[in-house]
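Colleague: 3D model of this:
(chains A, B and C)
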Amino acid sequence: MTPILVAKDVDIFYGDFHAIKKVSLNAEIGTVNALIGPSGCGKTTFLRSLNRMHDLTPGARVEGTIQVDGQDIYGPGVDPVAMRRRIGMVFQKPNPFPTMSVLDNTVAGLKLAGVRDKNQLMAVAERSLRGAALWDEVKDRLHMPGMGLSGGQQQRLCIARALAVEPDVLLMDEPTSALDPASTAKIEELMSELKKVTTILIVTHNMQQAARISDTCSVFLNGDMIEHGPTEQIFQHPQDKRTEDYVSGRFG
Amino acid sequence: MSAVRQDVVALRRSAPAISPARRLTNALMGGLISLGTLLVVAPLILIFYYLLTTGLQALSPEFFTQTPAPLGETGGGLKNAIIGSITMLSMASVIGILVGVAGGIFLSEYPKHPLMPTIRMLSDVLAGIPAIVMGLVVYGLLVLRFGFSGMAGAIALGFLMIPIVVRTTEETLKLVPRATREAGLALGLPRWKVILQIVLPAAAGGIVTGIMLALARVAGEAAPLLFTAFGNNTVTTNLTEPMSALPVEIFKLATSAYETDRQLAQAASLVLILLILITSLLARYFSSPRKYRAK
Amino acid sequence: MSQATKRPPGRGLSSRSDDVFRTVIIGLSLVIALIFILSIYQLATVSWPTLSTFGLDFYTGRTWDPVNDVYGAFSMIIGTLVTSLIALAISVPLAIASALFIAEYSPKWLAGPVGYLIELLAAVPSVVYGLWALVVIAPKLAEWQLTYFTDPAKLETYSACQELWLQGTSSFQCFFVPSAADGRGLALATLILTVMILPYTASVARDVINLVPRDQREAMYALGATKWEVISKAVLPYARAGIMGGVLLALGRALGETLAVAMVIGDSQAPLTSLWQNFSTMASVIANQFGDAQQELHRSSVLALGLTLFFMSVIVNVLARIVIKRLTPEGIK
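Modeller: As a prediction, this is how the structure comes out:
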């Protein structure tokens, strides 16, 4: 197997605050990789460095190397705009664009890239919406506002929007934390399908969720990655005492 | 399975990078936006430069202590206008604060009252009525019956203050958490005491800011005073007499043919603008703690 | 302290004092309604002589002649609309640019001061803008306008246009040729109006742009958008209702702006033939003529302009509410 994403000795600073300390992580193609840990441990901070979202935060600094498909995304001459197109992101709260229809939301990324052909857009929209298990629910109201959908549908619309640009890696930042249990179950179900077309890194504070859906697990604590390995090992035979405490619910 | 993915990866690699046109538009718009901002700020800098260079020269102790020189003579000051402005603005504040704060309390504390939507809409509409029209209204209401007076001017300015005070009062009162009100009511306090002794003090900063902003707004208005307070070359604090104000004098002096009049207008503009600046800075000071803004 | 000693206040007493308080508050709030009703009543009664004499001709008539007691407000309505709409067309893009600069481009240390400077623009009194335009800008314009009378080639253009103007018409080219060299006129009034309404759109736009959630921007960035694409496809659409509200607020201000315009526009009711000519707006006529209006009909006509302005501002306000409601995307409040 080849890793699609390789992070090596990543340090992240907010001004003087050292938020992430020397974290290294590999993600294999077609796997779901969960980042877990108590709140404030830096898992979201780390995730956001993987598509250079910290470039947008004044005072934030990322050191170390992160390679996606062999290319150093922080390397000289790399345009963060072109790079982000290959790395999709799904956010904590569903955030469809409120002035766009379901269809326009789905193909927003393609339209940015200059795709104008109606048939092509429609084909991609259908494929992406099917990929996000939303097609059957919205195929009759593609031209309705994306905000008109339920919370769970909105989040799947956001997943479809990210899938439409065919990302190498899909970053998910606690994608179910704002959803009800039924919608959460639906998105968890979707994960096993999604990893057939992309590689997922998901931040979650829900250990059961991590155990259910992920292939590998990374445990974060106070900016350190204290353990990384196959999910089964993390939950059954944790190497680190702190991991054991965390997964057994003793803190966090 | 792996083979399929290899295909997809290869396909993605061939995806075009950001097109030069997109890059160019991005850079161009960034430049235009900065340039536009410069154009917006430029007039202000030019006006201040103009007022500081010309107004400071014309500013003298006499400006504050003397009344305008009789026609044909040079010198003199605008004591009449300064006293007139202060007198009318004080009276206008009484009207603006009384009605404005009451209106704000009504809109925020009695949201279910059937008159609430009407009052809110009328207050908003009133905020958009041109100042000169308000001058005409007060002319018809008062001047036609009692003649020009400082009181008529003050009422016109007060009417203009009301909607501004209503809006800021309502917005600030709404920021006071519900729990604060409920805590008061739970103590067995009657509602009016809760409003006056708990809610209003908690929102005092924001309300004072609103009043100061309203004052700064109307302090520069000459249009509603032209046909109400009219102007007066002697110093008076009697609200039943015609009264002068700084903006009214600036309007009259600016269009005068005499160079000395123009200098006086420039000095008056500088003084007026500084007064307005101080008022709006004070307004910022009162709003700065923002106790109920966070979260 | 035992429960027995601290008895709750008598229910009857408390509710009666509450009633009194509520009555006072509502009574004072009704002053707002009273002002509105009195305004309409006052303006309508005093404009009645004009409206009953001229009827709709008051709005379509092109002659405004106090000597012969004939009043048609067409040209000053045009003056109000032309100055306001041109000023709006120039100021809105600039205002949005400055709002975007503060919210999206500027470093933190610069955003505060620039924002404050723009707010100060709104604090400068109308008469001070008028004074500045009259003393500083008008002479500069006059200098340029004078070239149409000194430069032979330009003088020829001027003469050709003058012939058209004397017949009360104009051509596209002549519309941009100055008709006199005193600097004052329609163009200067429009320019000063542009500057004066900038801060209204700018500060509203800045506020609503700051309210656009960060994850809207990030979602667009994550799709591989450039900064401008994030602004034009995520930020501005999200904020469009609020920005339109700011634009209409500025329009309301422009329609009723009085003294700065009155000081520089030249108070002429001649037909519109050149952008540079002396002209008038409804508000400028009120400021310039009301004090001198002796005949009843003249006075009544000026007040009818006030009534018209009153209703215009009400209409703009109502329009603003409708537009904001319709443009606000579903799901954001």
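Colleague: contacting residues for the residue of the stretch 151-300 of chain C found nearest chain B?
Modeller: Going by C-beta to the nearest C-beta, chain B is nearest to C:Gly256 of the stretch 151-300 of chain C, at 2.4 Å. Bear in mind the C-beta positions are built from the backbone N, C-alpha and C, glycine included. Residues in contact with C:Gly256, defined by C-beta atoms under 8 Å, 6 or more residues apart in numbering or on different chains, are B:Gly128, B:Ile129, B:Pro130, B:Ala131, B:Ile132, B:Val133, C:Ala283, C:Leu309, C:Met312, C:Ser313.
Colleague: Give me the spatial nearest neighbour of it, chain neighbours excluded.
Modeller: B:Pro130 (2.4 Å; C-beta to C-beta, 6 or more residues apart in numbering or on different chains).
Colleague: That neighbour touches C:Ala254, doesn't it?
Modeller: No: judged on C-beta atoms under 8 Å, B:Pro130 makes no contact with C:Ala254 at a distance of 10.0 Å.
Colleague: Please report the distance of the residue lying closest to A:Trp135 once chain neighbours are set aside from C:Thr190.
Modeller: Nearest non-adjacent residue to A:Trp135, counting by C-beta to C-beta, 6+ apart: A:Leu129, 4.1 Å away. Applying C-beta to C-beta, to the nearest Å, the value for A:Leu129 to C:Thr190 is 51 Å.
Colleague: who has more neighbours, these two?
Modeller: Applying other C-beta atoms under 10 Å in any protein chain shown to A:Leu129 and C:Thr190 shows that A:Leu129 carries more neighbours, namely 27 against 24.
Colleague: next one: phi and psi at the more buried one?
Modeller: phi -70, psi -40 (degrees, to the nearest 10).
Colleague: Show the contacting residues for it.
Modeller: Contacts of A:Leu129 by C-beta under 8 Å, 6+ apart are A:Val102, A:Thr106, A:Trp135, A:Val138, A:Lys139, A:Leu157, A:Ala160.
Colleague: what's the closest of those residues to chain B?
Modeller: Closest to chain B out of the contacts of A:Leu129 is A:Ala160 (16.9 Å), distances taken as C-beta to the nearest C-beta.
Colleague: Which residue lies closest in space to the closest one, excluding its sequence neighbours?
Modeller: In space, A:Ala160 is closest to A:Ala132, 3.8 Å off (C-beta to C-beta, 6+ apart).
Colleague: Next: B:Val218.
Modeller: For B:Val218, ignoring the flanking residues on the chain, the nearest one in space by C-beta to C-beta, 6+ apart is B:Leu157 at 4.5 Å.
Colleague: In contact with the spatially closest residue to A:Phe91 that is not a sequence neighbour: list those residues for me.
Modeller: The shortest distance from A:Phe91 to any non-neighbouring residue, by C-beta to C-beta, 6+ apart, is to C:Asp215 (4.9 Å). Going by C-beta under 8 Å, 6+ apart, C:Asp215 touches A:Phe91, A:Gln92, A:Lys93, A:Asn95.
Colleague: Next, work out how far apart C:Ile192 and chain A are.
Modeller: Distance, C:Ile192 to chain A, by C-beta to the nearest C-beta, to the nearest Å: 35 Å.
Colleague: Assign a three-state SS to that residue, would you?
Modeller: Taking DSSP: H, G, I helix; E, B strand; the rest coil as the rule, one finds C:Ile192 in the helix state.
Colleague: if I read this right, it contacts C:Gly130, doesn't it?
Modeller: Yes: assessed by C-beta under 8 Å, C:Ile192 is found in contact with C:Gly130 at 7.1 Å.
Colleague: Touching both of the two, which residues are there?
Modeller: Common contacts of C:Ile192 and C:Gly130 (C-beta under 8 Å, 6+ apart): C:Ala260, C:Val261, C:Val264.
Colleague: Highest neighbour count among these?
Modeller: That'd be C:Val261 among these, by other C-beta under 10 Å, with 35 neighbours.
Colleague: how near is that residue to B:Ile164?
Modeller: Counting by C-beta to C-beta, the gap from C:Val261 to B:Ile164 is 22 Å.
Colleague: element containing A:Thr44, please.
Modeller: For A:Thr44, the host element (DSSP states H and E) is helix A:43-49.
Colleague: contacting residues for A:Leu157?
Modeller: A:Pro94, A:Pro96, A:Val102, A:Asn105, A:Thr106, A:Leu129, A:Ala132, A:Leu134, A:Val138, A:Gly146, A:Leu149.
Colleague: list the contacts for residue 195?
Modeller: Going with chain A. A:Gly30, A:Thr31, A:Val32, A:Asp215.
Colleague: that's the wrong chain, I wanted chain B
Modeller: B:Ile195 is in contact with B:Ile105, B:Glu109, C:Phe21, counting by C-beta under 8 Å, 6+ apart.
Colleague: what's the burial count for residue 241?
Modeller: Chain wasn't specified; assuming chain A. Residues lying near A:Lys241 (other C-beta under 10 Å) number 9.
Colleague: nope, chain B
Modeller: So B:Glu241, with other C-beta under 10 Å, has 17 neighbours.
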